[in-house]
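In: based on what follows, work out the 3D shape:
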Amino acid sequence: MARRERVVRMSVELPLWRALAAYRVLTTGYAVLLLVFTGDRYERPWVAVGFLAVMAVWTFATLPRVANAAACTKRFLGADLTVALTGILLTPLADVHAQQIDSPTLPSIWTAGSVLAFAIKGGWRWAGFASSLVAVANIIERGEPSRDTIHNVLLVWVASIAIGYVVEVARASERTLARALEIEAATRERERLARDIHDGVLQVLAMVQRRGTEIGGEAAELGRMAGEQEVALRTLVAGGLVPASRVSEDAAQGAVVRLLDEPDEPDEPDEPGEPGEPDEPGGGSAGAGWPVDLRSLLAPRVGSRVTLSEPGAPVLLPAHPARELAAAVGAALDNVRRHAGEGARAWILVEDGPDEVIVTVRDDGPGIPDGRLAQAEGEGRLGVALSIRGRLRDIGGTAELVSVPGQGTEVELTVPRGTRGRAER
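Out: Numbering: from 1, shown residues only. Okay, here's the model as predicted:
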């Protein structure tokens, strides 16, 4: 089944944008009505008429710009605030007595809409910046601070900052809700798989292991392999390693949950050095645009002597870095089997941070003597240098190896988020 994407938006922010658009239209009408009923107080009415005409055209022409956060760009915000500030500063030119009498400015309460756009778009810090500029313009227009001027300035300043803070809290809540839906979906799928697998595959594997041990000989080896697969499958189900069908993010229009219909059989990872086949329309490898759950790449490496510990939610990385990281983990496990023996145990720990993903591989082997790695590189055996450090370096990551003789070896692999590796750059 080909991938199809459906976007479900959960946003309390969108109603705020709709309210802002309505506010701008209504306050434009209010400013025009003020001019109609109090126009006789203007010594230069043509200045007021000209500005309000420009403001009305600007308001209706830019309504699509206040439909959502994506359309409301920084350039628009700057231009919109400039219109408001210009109207405030033109007020004394139209009404020469404006500095002696507390009367509305030319844009009147329309100015608050510009400040509120800053608040909804960028939060309380942006709101504080915009409202401070409006405060300065009002004081310049008035000539000297009056009680009413200070009252109006403080009202706009406090209200815009409060609304900006509420928007930031709402965005954080939406991200949390999207993440909760993501985990809930993974949990339901894991429980469904656990029921189906327990009633079928796991019981068969357990029977093969038991009967192979009883029969002995070659059947005993078959039973041992069945037992390892049973352990790996139980770990897969218990750990929640299901394909990442929900991806939460903080998009321009609020928190987003993307529902991805995954293919029934995902493509096999490319071999090192092979170019990726175009998986998606438009060409390019899968790493070019589709995230991969790192846990699903590491799960096949789990066995009776390899334990995987991972978060309860998808660990998403671009395909190329994810595959290179999984290959580096495989190289580390190969080194465990090769140098610590088949009986050595290994543990894989996956940590999903906001800026980086860390995978640690630890074993209980005899450890590596001092100077042994440098000697191996000098002899041309480049397992650690090329298969592990080289892979991580190519995708912008790092590999740290710590080994104490008699206490095992630990390899820490770190990949920063957002990297795609040299091959794709």
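In: now do stretch 212-224: distance from first to last residue.
Out: 8 Å (CA to CA, to the nearest Å).
In: now do the buried residues in it.
Out: Buried residues in stretch 212-224, counted by 16 or more other CB atoms under 10 Å: 212, 222-223. Heads up, the C-betas are built off the backbone N, CA and C, glycines and all.
In: and for it, what's in contact with it?
Out: Contacts to stretch 212-224, defined as CB atoms under 8 Å, 6 or more residues apart in numbering, come from residues 208-211, 226.
In: ok, so of these, who is nearest Val357?
Out: Each of those was scored against Val357 by CB to CB, and Ala226 proved nearest at 32.8 Å.
In: do you know how far the closest one is from Ala219?
Out: Summarising the geometry, the distance separating Ala226 from Ala219, computed by CB to CB, to the nearest Å, is 10 Å.
In: just Thr38 next, same as before
Out: Summarising the geometry, the distance separating Thr38 from Ala219, computed by CB to CB, is 100 Å.
In: what would the buried residues of stretch 212-224 look like in CSV with secondary structure?
Out: Putting those into CSV (DSSP: H, G, I helix; E, B strand; the rest coil) gives the following:
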residue, secondary structure
Gly212, helix
Leu222, helix
Gly223, helix
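In: got CSV for those residues, with pLDDT and distance to Lys121 too?
Out: Compiled in CSV, the buried residues of stretch 212-224 are given as follows (pLDDT from 0 to 100; distance: CB to CB, whole Å):
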residue, pLDDT, distance to Lys121
Gly212, 81, 65
Leu222, 80, 64
Gly223, 78, 64
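In: name the helix or strand for Glu182, please.
Out: Taking DSSP states H and E as the criterion, the element that holds Glu182 is helix 147-199.
In: which helices and strands sit right next to that helix?
Out: The helices and strands touching helix 147-199, judged by 3 or more CB pairs under 8 Å, 6 or more residues apart in numbering; DSSP states H and E, are strand 4-10, helix 13-38, helix 110-122, helix 124-142, helix 218-238, strand 246-251, strand 254-261.
In: so that helix versus helix 110-122, what angle?
Out: Our comparison of helix 147-199 with helix 110-122, counting by axes from the mean of the first three to the mean of the last three CA atoms, to 10 degrees, yields an angle of 30 degrees.
In: quick one, helix 147-199 and helix 13-38 angle?
Out: Between helix 147-199 and helix 13-38, the angle comes out at 160 degrees (the same axes, to 10 degrees).
In: for this protein, which residues score under the pLDDT cut-off?
Out: The chain contains residues with pLDDT under 70 at 1-11, 97-102, 190, 193-200, 202, 232-290, 369-387, 418-425.
In: now with 50?
Out: Low-confidence segments of the chain, defined by pLDDT under 50, are located at 1-8, 241-288, 380, 382, 420-425.
In: just the helices in the stretch 251-400 of the chain please.
Out: Using DSSP state H, counting those that start in this stretch, the helices found in the stretch 251-400 of the chain span residues 294-298, 319-335, 372-378, 391-394.
In: now do the first one: which elements does it pack against?
Out: So that's helix 294-298. Looks like helix 294-298 contacts helix 319-335, strand 346-352, strand 356-363 (3+ CB pairs under 8 Å, 6+ apart).
In: what residues sit buried inside the second one?
Out: With burial defined by 16+ other CB under 10 Å, the residues of strand 346-352 counted as buried are 346-348, 350, 352.
In: quick one: contacts for Ser132?
Out: Contact criterion CB under 8 Å, 6+ apart gives Trp157 as the residues in contact with Ser132.
In: can you tell me how far it sits from Glu310?
Out: Distance check for Ser132 against Glu310: by CB to CB, it reads 47 Å.
In: and Pro45, by the same measure?
Out: As defined by CB to CB, Pro45 lies at a distance of 71 Å from Glu310.
In: okay, the two: which has more neighbours?
Out: Neighbours of Pro45 and Glu310, each counted by other CB atoms under 10 Å, are more numerous for Glu310; the result is 22 against 14.
In: so the more buried one touches Val350, yeah?
Out: Yes - taking CB atoms under 8 Å as the contact criterion, Glu310 and Val350 are neighbours in contact, 4.1 Å apart.
In: return the set of buried residues in stretch 67-86.
Out: Using 16+ other CB under 10 Å as the burial criterion, the residues of stretch 67-86 that qualify are 67-69, 72, 77, 80-81, 83-85.
In: next one: stretch 355-362
Out: Taking 16+ other CB under 10 Å as the criterion, stretch 355-362 shows 357-362 as buried.
In: contacting residues around it?
Out: Contacts with stretch 355-362, where a contact means CB under 8 Å, 6+ apart, come from 294, 298, 315, 317, 325, 329, 332-333, 336, 346-351, 408-417.
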